[in-house]
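> can't give you the sequence, but here's the structure:
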């Protein structure tokens, strides 16, 4: 192919990639734009593509009324359940991978827990939580998210751990480490990317949960997805608040993914490519 | 320093009996090589000594201390793995220092020991690199470095050279032997390569199907194999095994093509008593070209393979393919008829039925 032809092709690809990016980013841009528009601009017709001025009133209202706490509630429930699920799940995964705990079928049985349609257990869980007085508490949501995420963590970490050459662990045992130290000093560093990738996805699952947060909370620990939907009313819909709240809810995820991007990509490709 | 003693060691994997009652003593400071074909149990035995496998029965003693129930870290041994088992996330320095750090050795001592080992192995300029930036031979050295910084009593090697190319393997073999002399510690080395076994060992332990076939000094095994398996395993090209039958007169044995050879009277007596078929074992290098055909066999050379100073000449005695190693230029062309005289003192007779040595 000629140099000109190659240049044209590169240009075409770039244009295509740009078009896709714009297409996918547009909803995010639109919600961001709404969050800083005045009410008049939100409902103006023809559409206001660029907000005339940056109006942070919607954000101020969220903080003044205390609605912004819902992001904090989400951080607490998603964060704590992620930490617990990662710790318990990784050790369980190690046991499955290295000691063949439960034979060949236990790990498949565990991941099958993840396949249960959540709505089918919503009512029993609600009744259970009522009797355990866990409704509208951090503990309730944390327990539930941990339970939902454990199978995922175990399944993913089991795969990563199986890919660690067993000689590394054996060599460390001969060199003087206890089995527990082997996990900390050899296995964890070897699966670090997988640990981070799994933790990010676990966090995202919990962060995005709407169904159980809606059913199991009232007023004390309302999480951010539930809070957002609260602004859709039968009489009126508060678009400005929806926009601002959505942006607040998106920010933590944005930082998590942006800082962990390297590990997420490496972690996801780790299991795929056998060296 | 103490002797390592294995007493009636068994290892079962479910139904599979991998190690069948091994009794073995390795003297303190010896270089012992466990050798045998794939699946003979040599690696299992080594891993049992290391504590990576639990033995099903028997005992493993270092001096008068039983290792059987000790975890690997309390057995005071170091091991080099076939795959090197280097930690990719640590530098060469930290890889070598790993065992010392695990045992909480003070920093200054770690530094000194790692530098000494690196010096010895020619790794000094690579100490800051990660293992992936090293060649196969250098990685192998790091793995050895990690073992030797530890003040272990016993050094275990699991096919450490098998991932290296031929030239590097020859070099490392020599270095390992030097290292053993310098450290003066007990080495136990597993390989399937009989050249490595012969060149490195003070004591060869030749295993097959989980049992010891023969053990002893390399040349003892080579020159006086107990049975057909040992005879065939050691030596390259391997020993020729030719069917013979004793004649009832003049201490003669007859080859399948009718030619006869005179053997030692004592051996002849034993041959005559043997009911089973008999195989005569003669190594390629123990044939010599002679002009007159007294106690020699007349053969027609089939294929000639010159290797430089020596040539491998192959021919047939009845249906048996036989190789002789002769000085270059002994045979000028393929198809030539020559007389070859075997050095009868260095040849062996085996009972083809039981495989045992007759004489």
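Arrived safely. The structure presented is a predicted model; accordingly, all values stated were derived computationally and were not measured.

> tell me which residues of the helix or strand residue A:215 falls within are tucked away?
Residue A:215 is part of helix A:211-216 when elements are defined by DSSP states H and E. Taking 16 or more other C-beta atoms under 10 Å in any protein chain shown as the neighbour-count basis, helix A:211-216 is seen to contain the buried residues A:212-213, A:215-216. The C-beta positions use only the backbone N, C-alpha and C, and glycine is treated the same way.

> any idea of the mean pLDDT for the helix or strand that that helix is followed by?
Counting by DSSP H and E, the next helix or strand C-terminal to helix A:211-216 is helix A:224-229. Over the span of helix A:224-229, the pLDDT mean works out to 92.

> can you give me the helices in the stretch 51-200 of chain B?
B:92-102, B:107-121, B:136-148, B:166-183, B:194-200 (DSSP state H, counting those that start in this stretch).

> domain ranges for chain A?
Under the assignment automatic domain parsing, the domains of chain A span A:3-55, A:59-270.

> and chain B, which residues reach chain A?
Neighbours of chain A within chain B, by C-beta under 8 Å from any C-beta of the partner chain: B:50-52, B:71-73, B:75, B:77-79, B:81-83, B:85, B:87-89, B:98-99, B:102-103, B:146, B:150.

> and these, which are buried?
With burial judged by 16+ other C-beta under 10 Å, the buried subset of those is B:50-52, B:72-73, B:75, B:77-79, B:81-83, B:85, B:87, B:98-99, B:102, B:146, B:150.

> Give me the residue at the spatial middle of chain A.
If you average the C-alpha coordinates of chain A and look for the closest C-alpha using C-alpha atoms, centre = their mean, you land on residue A:204, 0.6 Å from that point.

> ok now do that residue, which residues does it touch?
For residue A:204, the set of contacting residues under the criterion of C-beta atoms under 8 Å, 6 or more residues apart in numbering or on different chains consists of A:253, A:256.

> Next, work out how far apart it and residue B:63 are.
58 Å (C-beta to C-beta, to the nearest Å).

> Now whichever residue of the stretch 151-300 of chain B sits closest to chain A: closest residue in space, sequence neighbours ignored.
Nearest to chain A in the stretch 151-300 of chain B, going by C-beta to the nearest C-beta, is residue B:156, at a distance of 8.2 Å. Spatially, and ignoring its direct neighbours in sequence, residue B:156 is nearest to residue B:79 (4.2 Å; C-beta to C-beta, 6 or more residues apart in numbering or on different chains).

> That neighbour reaches residue B:50, doesn't it?
Yes: Residue B:79 lies in contact with residue B:50 (C-beta atoms under 8 Å); the separation is 5.4 Å.

> Could you pull up the residues touching the residue most central in space within chain B?
What sits nearest the mean C-alpha location of chain B, by C-alpha atoms, centre = their mean, is residue B:197, with 2.7 Å. Shown in contact with residue B:197 (C-beta under 8 Å, 6+ apart): B:33, B:35, B:191, B:204, B:206, B:218, B:234.

> Next one: residue A:51 from chain B, what distance?
In this structure, residue A:51 and chain B are 48 Å apart, going by C-beta to the nearest C-beta, to the nearest Å.

> and that residue, which of the three is it?
coil (DSSP: H, G, I helix; E, B strand; the rest coil).

> Kindly provide the distance from it to residue A:240.
11 Å.

> Now the common contact residues for those two.
Shared between the contact lists of residue A:51 and residue A:240 (criterion: C-beta under 8 Å, 6+ apart) are residues residue A:37.

> Who has more neighbours out of those two?
With neighbours defined as other C-beta atoms under 10 Å in any protein chain shown, residue A:51 and residue A:240 compare such that residue A:240 has more, 23 against 16.

> residues contacting that one?
With contacts defined as C-beta under 8 Å, 6+ apart, residue A:240 is in contact with A:34-35, A:37, A:39, A:42, A:57-58, A:61.

> give me the element it is part of.
Here residue A:240, judged by DSSP H and E, is contained in helix A:239-270.

> Could you list the buried residues of that helix?
By neighbour count with 16+ other C-beta under 10 Å, helix A:239-270 contains the buried residues A:239-249, A:252, A:256, A:260, A:263-264, A:267-268, A:270.

> and what of stretch B:323-340?
Using 16+ other C-beta under 10 Å as the test for burial, stretch B:323-340 gives B:323-326, B:330-331, B:338-340.

> Hmm, which of these is lowest in pLDDT?
In this model, the minimum pLDDT among the buried residues of stretch B:323-340 belongs to residue B:331 (82).

> Now do the phi/psi pair for it.
Note on residue B:331: its backbone torsions stand at phi -110, psi 130 [degrees, to the nearest 10].

> ditto for residue A:39
When read as degrees, to the nearest 10, the backbone of residue A:39 gives phi -50, psi -40.

> residue contacts, it?
Counting by C-beta under 8 Å, 6+ apart, residue A:39 touches A:239-240.

> okay, now the spatially closest residue to residue B:4 that is not a sequence neighbour: neighbour count?
For residue B:4, ignoring the flanking residues on the chain, the nearest one in space by C-beta to C-beta, 6+ apart is residue B:26 at 4.4 Å. Residues contacting residue B:26 under the criterion other C-beta under 10 Å number 23.

> could you dump the buried residues of helix A:211-216 to JSON lines with distance to residue A:233 and pLDDT?
As requested, these are arranged in JSON lines below (distance: C-beta to C-beta, whole Å; pLDDT from 0 to 100):
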{"residue": "A:212", "distance to residue A:233": "23", "pLDDT": "94"}
{"residue": "A:213", "distance to residue A:233": "19", "pLDDT": "93"}
{"residue": "A:215", "distance to residue A:233": "20", "pLDDT": "93"}
{"residue": "A:216", "distance to residue A:233": "22", "pLDDT": "92"}
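
> Which ones, among the residues you listed, also lie beside chain B?
Judged by C-beta under 8 Å from any C-beta, the overlap between the buried residues of helix A:211-216 and the neighbourhood of chain B is nil.
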